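Enquirer: Sharing a model prediction with you, sequence too.
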Amino acid sequence: MKNYALLLILFLAQNALGQNNTLKVRADQAFEEKDYVTAAFYYDKSIAQGASASQGKVPYFSGKQKNGKAAVAFVQYRLAGSWRLSKNYKLAEDYYRKIVENHEIEYPMARFWFGVCLRANNKLDEAIAELELFSTTNKANSEYLKKSTKELKDCRFALSQGKQSLTTSVEKLEDKFSTDENDFALNISNGQYWFTATTAVAGKKNLNQLFVSDRDSMAKKVAINFGSDPKLAVNYGPASLYPAGQRIYVTRWYREGADIISGIYLSKYVDQQWSAPQKLSSYVNADGYKAMQPFVTADGKRLYFVSNRAGGIGGMDIWMSDLNKDGLPLNAVNLGNTINTAEDENAPYFDRINQRLVYSSKGFVGMGDFDLYESTLTEKSWTAPKNLGIPYNSTKDDLHYYIDEDDKETVFVSSDRESECCLNLFKMHYTKPAIEAAILAGFVTDCATNQPLSGVSVVFTDLKTKKIREMVTDETGKYNFDIVLKRGYQIRLEKVGYFAKVLPVASRDTFRRDTVMNATICLDMLVLNKAIVIENILYDFNKAVLKPESKVVLDNLVAVLEDNPKIKIELSAHTDSMGPDWYNMKLSQQRAQSCVEYIISKGIDPTRILAKGYGESQPVQPNTLPNGKDNSEGRKLNRRTEFKVLSLQ
């Protein structure tokens, strides 16, 4: 009986070992073919079966305990990779954690991928800690050290985005299309939604198909029948419709082992049905390369698409083709290294009116995986791509941006942010913040008399929009403008016979919403050849070097010259009677010149300002009293700096 029991135990162990080996072979084959969902299924099943053997101690894939542990670690690492590559970051995180805790020496890359999964699962602080540790302990791995640095930047950017206030609502179109598979890449044509979804097809694995539905009844979707090749499991992916709805550019792809064969096809709507898709020429579908994700512009003259064809920057790039009147490509142009990176780019969308490209990329700092970026086409080039931020982006994949033409504040985005496998459709609506408004009002007066000034032109400029508003004061001297807070403004005041004045509007912090800001502004009368004393221009004794505090005073004269660009002035310096006449004349000229040189250094045209030294020749007070004694107060007033307007042109 004992011998029989022993034989039974050995039989069960060998049987379990054989089954596990079979599952592992299937899993390994699927992994090599990049069928990661299938690989995960068999790896997971083999682990579960090994753990539930009747004795609970059956070595994993081996009769030796040491080798058994190594085999278990290998399968766990492969299972973690399968989950990660099939976008199930939650399960991948669990298995990478086990590898990091028990087998990091054998699998040093596990910590990097663990950090990636933590980032995708929005565990940003923990991700940063793991990635920093990986970078510290893997300095020799230059390739992945660079990738880790990029991931760390993504994590920190994502953390900063989490602090942003949102004015955009996000709605997942749940249960509208497929329930637990992909639904993505929505277009709108003739009032209907066109999108790609994954569904079960009789006799074949799940396939991507193109569907159309009414906007008010999205659950009632109808698959577009392009015909099918019975020998191939053909997928129809992201599509783009010519605005009139008579042409559709569609991605057609299928698997050959581990390879994906994809191309862009054109189908036409004829006699109430779609024609068999025709493959576009080599301008789009270069032999031996992938082409996918077409987007045709609203005027039907250009096609943007994605390809890894030769001549690109690296990986999948955004390309553009001009189209003829029949919708066929005439060329192929790479959008260049401002748009494309060494990593992958995906899913272009082009707003022709605003010349704005929105697309997804892995090559720039973002929130992780594919993020949405925008760039504007200028006369000469594309602007640097700008990350759209939250909520358009997440720590997972975000693609297929599309604007609802009937409501420009609404866009659709495809993302796996709430899924462990698949892209889903999200509707996002931007709500403009309530405008914080106020009234800027005040009076314009004569600086000398303090009386209201009428006939003053008050020009109010919005520095953001460059919009200009103007009014002329009446006999009360009053001006008023409605303003929006959180913007920069300036006021320019002009009246014949007065110095013009340009002033910035005070910061919004100085007044509140729906309040009136009262500001009285005075203008100085402008009289040709009338000397105006500039107070507090100071020099050291017997020197012409300006003191720092004197430069601050001269900045006010610089402002006058900037506000009144047509006037020309003389800047003069005067001394008292102490010292020889010739010396005082020389010193005053040097001092006047010092002032002029400073003013010119601030950007004033040298032809608009003349330096003149008068020495002691033009006193405003006697230097001595009638009794012959020194008049110190008089001499103080005589030591002065002045300017006068010589001309107005």
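Expert: Nice, thanks for sending it over. Since we're looking at a predicted model, the values are computed, not measured. Residues are numbered from 1 along each chain as shown.
Enquirer: Please, where are all the helices along the protein?
Expert: With DSSP state H as the criterion, the chain has helices at 2-32, 36-51, 65-85, 89-102, 110-120, 124-137, 142-161, 548-563, 581-601, 632-638.
Enquirer: Make a markdown table from these and add distance to Gly389 to it.
Expert: Using the backbone N, CA and C atoms, a C-beta is placed for each residue, glycine as well. What follows is the helices of the chain, written out as a markdown table (distance: least, CB to CB, whole Å):
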| stretch | distance to Gly389 |
| --- | --- |
| helix 2-32 | 36 |
| helix 36-51 | 30 |
| helix 65-85 | 25 |
| helix 89-102 | 21 |
| helix 110-120 | 16 |
| helix 124-137 | 15 |
| helix 142-161 | 5 |
| helix 548-563 | 38 |
| helix 581-601 | 42 |
| helix 632-638 | 62 |
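Enquirer: With respect to Lys467, which of the ones you listed lies nearest?
Expert: Shortest separation from Lys467 across the helices of the chain is recorded for helix 548-563, at 20.7 Å, computed as CB to CB.
Enquirer: Okay, angle between that closest one and helix 581-601 too, please.
Expert: Going by axes from the mean of the first three to the mean of the last three CA atoms, to 10 degrees, helix 548-563 is angled at 60 degrees with respect to helix 581-601.
Enquirer: average pLDDT across stretch 99-115?
Expert: Averaged across stretch 99-115, pLDDT comes to 94.
Enquirer: hang on, I meant stretch 346-363
Expert: Here stretch 346-363 scores 95 as its mean pLDDT.
Enquirer: gap between the two ends of that stretch?
Expert: Using CA to CA, to the nearest Å, the end-to-end distance of stretch 346-363 comes out at 11 Å.
Enquirer: Now for Asn88: which residues touch it?
Expert: Neighbour list for Asn88: 40, 420-421 [criterion: CB atoms under 8 Å, 6 or more residues apart in numbering].
Enquirer: Please repeat the previous calculation with a cut-off of 10 Å.
Expert: 36-37, 40, 82, 117, 120, 416, 419-422 (CB atoms under 10 Å, 6 or more residues apart in numbering).
Enquirer: Equivalent analysis for Met316, please.
Expert: With contacts defined as CB under 10 Å, 6+ apart, Met316 is in contact with 289-293, 306-309, 340, 343-346, 361-362.
Enquirer: Please identify the deepest-packed of the helices of the chain.
Expert: Comparing the helices of the chain by mean neighbour count (mean count of other CB atoms under 10 Å), helix 110-120 ranks first with a mean of 25.
Enquirer: Next one: Met471 from Cys522, what distance?
Expert: Using CB to CB, to the nearest Å, Met471 is found at 18 Å from Cys522.
Enquirer: out of these two, which sits in the more crowded spot?
Expert: Cys522 (18 against 14; other CB atoms under 10 Å).
Enquirer: Give me the nearest residue to the more buried one, chain neighbours excluded.
Expert: Of all residues not flanking Cys522 in the chain, Cys447 sits nearest, at 3.9 Å (CB to CB, 6 or more residues apart in numbering).
Enquirer: Ramachandran angles for the one you found?
Expert: Reported as degrees, to the nearest 10, the phi and psi values for Cys447 are phi -60, psi -30.
Enquirer: Hmm, Leu526 and it touching each other?
Expert: No - using CB atoms under 10 Å, Cys447 makes no contact with Leu526, being 11.2 Å away.
Enquirer: which neighbours do these two share?
Expert: Joint contacts of Cys447 and Leu526 (CB under 10 Å, 6+ apart) are 498-499.
Enquirer: the more surrounded of those two?
Expert: Taking neighbours as other CB under 10 Å, Cys447 and Leu526 compare with Leu526 leading, 18 against 14.
Enquirer: For Asp406, see how far away the residue nearest to that one when sequence neighbours are not counted is.
Expert: Spatially, and ignoring its direct neighbours in sequence, Leu526 is nearest to Phe499 (5.0 Å; CB to CB, 6+ apart). Per CB to CB, Phe499 is found 54 Å from Asp406.
Enquirer: Looking at those two, which one has more neighbours?
Expert: Between Phe499 and Asp406, counted using other CB under 10 Å, the more crowded position is Phe499 (18 against 9).
Enquirer: So for stretch 248-263, mean pLDDT?
Expert: 90.
Enquirer: Name the spans of the stretch 151-300 of the chain whose pLDDT lies under the cut-off.
Expert: Applying pLDDT under 70 to the stretch 151-300 of the chain flags residues 174-180, 201-204, 216-219, 229-230.
Enquirer: circling back: return the members of the contacts of Met316 classed as buried.
Expert: 290-293, 306-309, 340, 343-346, 361-362 (16 or more other CB atoms under 10 Å).
Enquirer: if we can go back for a sec, do you know how far the residue nearest to Cys522 is from Lys566?
Expert: 20 Å.
Enquirer: again, but for Glu374
Expert: Taking CB to CB, one finds Glu374 at 43 Å from Lys566.
Enquirer: who's in contact with Pro385?
Expert: 338-341, 345, 357-359, 361, 363-364, 366, 371-376.
Enquirer: Neighbour count: Glu374 and Lys566, which is higher?
Expert: Between Glu374 and Lys566, Glu374 has the larger neighbour count (other CB under 10 Å), namely 18 against 9.
Enquirer: what about the nearest residue to Ser189 once chain neighbours are set aside, neighbour count?
Expert: Excluding the flanking residues, the one nearest Ser189 by CB to CB, 6+ apart is Leu241, at 4.3 Å. Per other CB under 10 Å, the neighbour tally for Leu241 reads 21.
Enquirer: Leu241 against Ile188, yeah?
Expert: Yes - assessed by CB under 10 Å, Leu241 is found in contact with Ile188 at 8.7 Å.
Enquirer: any residues in contact with both of the two?
Expert: Here Leu241 and Ile188 have Trp194 as joint contacts, going by CB under 10 Å, 6+ apart.
Enquirer: pLDDT wise, what is the residue nearest to Ala286 when sequence neighbours are not counted at?
Expert: Nearest in space to Ala286, with sequence neighbours left out and distances taken as CB to CB, 6+ apart, is Arg309 at 4.1 Å. If you check Arg309, the pLDDT there is 96.
Enquirer: And for Gln490?
Expert: With respect to pLDDT, Gln490 scores 85.
Enquirer: So what sits opposite it in the bridge?
Expert: Beta-bridge pairing of Gln490 under DSSP bridges involves Thr461, Pro504.
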